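Novice: Output the structure for:
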Amino acid sequence: MPLAAPPIPPLPAHQLFVFLLQAGLLVLLAVFCGRLATRLRMPAVAGELCVGILLGPTVLGNIAPSAANWLLPRDAGQFHLLDALGQIGVVLLVGITGMEMDMSLLRRRSTTALSVGFGGLVLPFGLGFTAGWATPASLLPDGTHRLVFALFLAVALCVSALPVIAKTLTDMNLIHRNVGQVTLAAGMVDDVIGWILLSVVSAMAVGGAGRDSIVTPLLATTLVLAVTFFILGPLVGRAMKAAERTSDTATVVGSVTAFILLSAAATHALGLEAMFGAFLAGTLISSGPRAVRARLAPLRTVVLAVFAPLFFATAGLRLDLGALEKPATLAAAAVLLLIAVLGKVAGVFAGARAVGLSAWESLALGGALNARGVIQLVIATVGLRIGVLNATTYTLVVLVAIATSLMAAPILRWTMRRIEHTAEEQLRLHDRSVLEWKPADQTPDTVV
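Specialist: Below you'll find the model as predicted:
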C-alpha cells in the first residue's frame, strides 16, 4: 500500500512576517499618498504609484540599499507573494470596471461612440506599432520578437482608462454634459476592443509570432465571446434575478467575486489574458438589477480601498526612474509620450468631427480619452510578466500612463469653458440631482 505524501510545510515564519509587513506598509502608504494626490487635484493612482517609486530602486534602493533589501528582498518567492495578492486585486478591479459599463448608453449613442472610439484606437495603434518597429534593439527584451513587441506597444498606446476617466468626469461635475456622456460611451468601445487586442497579442507573445499564434487566439476570443453572451449571459441574468429576491448580501458578494475570478481563470486557461475574462464577467453583471448591483458596494469599497492601491504600489516597485539618466532612454520616453498624446487626441478629434461634433467638443473628448491610467498599468504589468517588456520599457509605458492621466483634468477645464450648456444637459443635471436625493435606508449608486 503506497504511503501518503508528506504534508506541504507551511509558509516559513520569517517569510510570512516580511509579507505581512510589506502588504501592510504598502497599503498604508498608498492610501496616504493617494489622498495627498487628490488634494493636489491629481488622480489617486499617481500617489499610489509613488509609493512603489519611494520604496523601490529609484529612491530607497539608492538612499538605503540595506533597508531596501531587507524590506523587499531580491527573492522571487517572497516577491511572488505580493504579486499574487496584487493579481487578485487587479482582476477584481477590472471586473468592477466591467460592472460599471452602461450598455444602454452604448446602444443609445452607438454611432457617435463607435466613430470617436475607433478614431481614438486606429491612429494611436498605428503610431504605436511604428514606434515599436523603430525602437532600438537595446530597449527590447532578449528573445522578444520585434513584431510582437510592436503590436504590444501599439495596444498599450491605443487604450483608454475608463475608471480614471469616469472618476475625473465625476470630480469635475461633467458626467451630465454631452461630452461626458460621449466620453464614457467611447471609452466603453476602447475598453472592449482593448481587452480583445491584449488577449490576442499576449497569446502571440507566449506562442510565437507565426500564423497559428494569430489564428488560435482569435478563434479562442470568438469562442469566449460566444459563450459569454449566448450561454453565460442568460444564466447570469437568471442568477441576478434570484439574488434580487434574497437579502443575503454576503452570498451575493461572494458569488460575484468567485464568478469574476473563475472567468479570469477560464480565459487564462485558453491562452488569453485573465483580465479579459474578468472584464466580460463584469459586463454581464452590469446588466443585472440595480438593487443587486447596489449590494456589491462592499466589494467595490474593499477592492478600491485595499487591493487596487496595493497593486499600484506593487507596480511602482518595478519602476526604476534611474533608467532615464541615459539620454537615449530619456529621448525614447519623450517620443513615446508625444506619440501617445498626439495619436489619441488627433484620432479622437477626427472621429468626433466626422459625426458633426464641434471643434471644442472634439478637443475635450480627446483630452479625456487620452488618460491611460489603470488600463495601461495593467497592460504594462502583463507585458513584464510574459516577457514582452523589460524593466526599461516597462518604466516608459508606466510613465506614459501617469503623464496622460494627469493631463486629462487641465485639458477638460480649458476646453469645457468654451462649450455652452444645452437644454438637454440642464434636464439631465436636474434628473441627476433628483436621483441623488434618496431616503436614508437606500444604498446610493456608485461610480468607478
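
Novice: ok, and the closest non-adjacent residue to residue 370?
Specialist: Counting by C-beta to C-beta, 6 or more residues apart in numbering, residue 370 lies nearest to residue 344, which is 4.6 Å off, once chain neighbours are set aside. Backbone N, C-alpha and C define where each C-beta goes, glycine included.

Novice: three-state assignment of the one you found?
Specialist: Recorded secondary structure, residue 344: helix (DSSP: H, G, I helix; E, B strand; the rest coil).

Novice: Count the neighbours of it for me.
Specialist: Neighbour count of residue 344, defined by other C-beta atoms under 10 Å: 29.

Novice: didn't it look like it was pressed against residue 159?
Specialist: No - using C-beta atoms under 8 Å, residue 344 is not in contact with residue 159; the gap is 9.4 Å.

Novice: Where does the residue nearest to the spatial centre of the chain fall, secondary structure wise?
Specialist: Residue closest to the mean C-alpha point of the chain, counted by C-alpha atoms, centre = their mean, is residue 375 at 2.4 Å. In the assignment (DSSP states H and E), residue 375 maps to helix 373-386.

Novice: List the buried residues of the helix or strand harbouring residue 353.
Specialist: Counting by DSSP H and E, the element that carries residue 353 is helix 327-354. Buried residues in helix 327-354, defined by neighbour count with 16 or more other C-beta atoms under 10 Å: 329, 332-333, 336-337, 339-341, 343-353.

Novice: With stretch 288-300 instead?
Specialist: For stretch 288-300, by 16+ other C-beta under 10 Å, it's 288, 292-293, 295-296, 299-300.

Novice: what kind of secondary structure is residue 10 in?
Specialist: At residue 10 the chain is in coil, as set by three-state DSSP.

Novice: So for it, what pLDDT did the model give?
Specialist: Predicted confidence (pLDDT) for residue 10: 81.

Novice: neighbours around residue 197, how many?
Specialist: Neighbourhood size, residue 197 [other C-beta under 10 Å]: 23.

Novice: Go ahead and confirm it touches residue 156.
Specialist: No - counting by C-beta under 8 Å, residue 156 is not a contact partner of residue 197; they are 9.9 Å apart.

Novice: Contact partners for the residue nearest to residue 370?
Specialist: Residues near residue 344 by C-beta atoms under 8 Å, 6 or more residues apart in numbering: 120, 123-124, 157-158, 160, 366, 369-370, 404.

Novice: Now do the phi/psi pair for residue 417.
Specialist: Reported as degrees, to the nearest 10, the phi and psi values for residue 417 are phi -60, psi -20.

Novice: distance of residue 254 from residue 42?
Specialist: Going from residue 254 to residue 42 by C-beta to C-beta, to the nearest Å gives 35 Å.

Novice: These two: which is more packed in?
Specialist: Neighbours were counted for residue 254 and for residue 42 using other C-beta under 10 Å; residue 42 has more, 16 against 12.
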